[in-house]
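A.B. asks: Here is my input; please provide its structure:
(one chain, ligands or ions: 2)
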Amino acid sequence: MFGSFILHLQKSEPASIPNQCFKEWSKKLLARWITQISAKVGRLSVDRKDFKCQRCGRCCKELQGSLYLTENEVKGWKKHVVKSNYGKFSAISFADILPTGTADLFFHPIEERELFRCPFLRKLPGEDKYKCLVQRIKPQICQDFPFTENGEVRNDEEARMCPEVRRLYNDQDCEDKIQS
Ligand code: SF4
Ligand code: SF4
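C.D. replies: Residues are numbered from 1 along each chain as shown. Ligands and ions are numbered 1, 2, ... in the order given. Next comes the predicted model:
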């Protein structure tokens, strides 16, 4: 619908506007409409490289408890020694391997107890930002957030914990809800 409308605009462009400028303008207008309408009716398609993670660490804190390793990730984690907030250990020592071959996260590498904060979430000194100490091998579930498998930005309550998701969906009411 929008494509044909833009085509119509392009055909009826005013003679005073240079062709190239008009094409650029109509492309931008179309992109803005699609973004605004998608935000209202469903999910946004955003290129991952254009997603501006603010490194607030909120997803790492909030998703704790639902994180796991797939069977393949378990195999990979067995091969890596990693830095953590508890020192240097085999990555797999932070996981509880289940009979299915997958693993629950996170556990203390020595003591037999569950951890309530990811051991790889490190606060940057003097900044309200965080980094992941296992960036190269972080679980797929961490890599995916807040995208769906179709490459769209999730538009659900859990995803809206993320300030960048809220910014994209322009939903300030949610900010108040999360902060309360
Ligand atoms: S593994 Fe990395 S991305 Fe995943 S919760 Fe921990 S710090 Fe965050
Ligand atoms: S909550 Fe969003 S902005 Fe914050 S670290 Fe996670 S993905 Fe990045």
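A.B. asks: What's the separation between residue 83 and ligand 1?
C.D. replies: Separation of residue 83 from ligand 1 (Cβ to the nearest ligand atom, to the nearest Å) stands at 12 Å. All C-beta spots, glycine's among them, are computed from the backbone N, C-alpha and C.
A.B. asks: give me the element that residue is part of.
C.D. replies: Of the helices and strands defined by DSSP states H and E, residue 83 is found in strand 81-84.
A.B. asks: Return the list of strands paired to that strand, each annotated with direction.
C.D. replies: Here strand 81-84 is paired, per DSSP bridges, with strand 87-90 (antiparallel).
A.B. asks: Identify all contacting residues around the strand it pairs with.
C.D. replies: The contact list for strand 87-90 (Cβ atoms under 8 Å, 6 or more residues apart in numbering) reads 77, 78, 80, 81, 82, 109.
A.B. asks: Now do the contacts for the nearest residue to residue 78 once chain neighbours are set aside.
C.D. replies: Leaving aside its sequence neighbours, residue 78 sits nearest to residue 92 (Cβ to Cβ, 6 or more residues apart in numbering; 4.7 Å). Going by Cβ under 8 Å, 6+ apart, residue 92 touches 74, 77, 78, 80, 103.
A.B. asks: If we use 7 Å, what do you get?
C.D. replies: Listed by Cβ atoms under 7 Å, 6 or more residues apart in numbering, the contact set of residue 92 reads 74, 77, 78.
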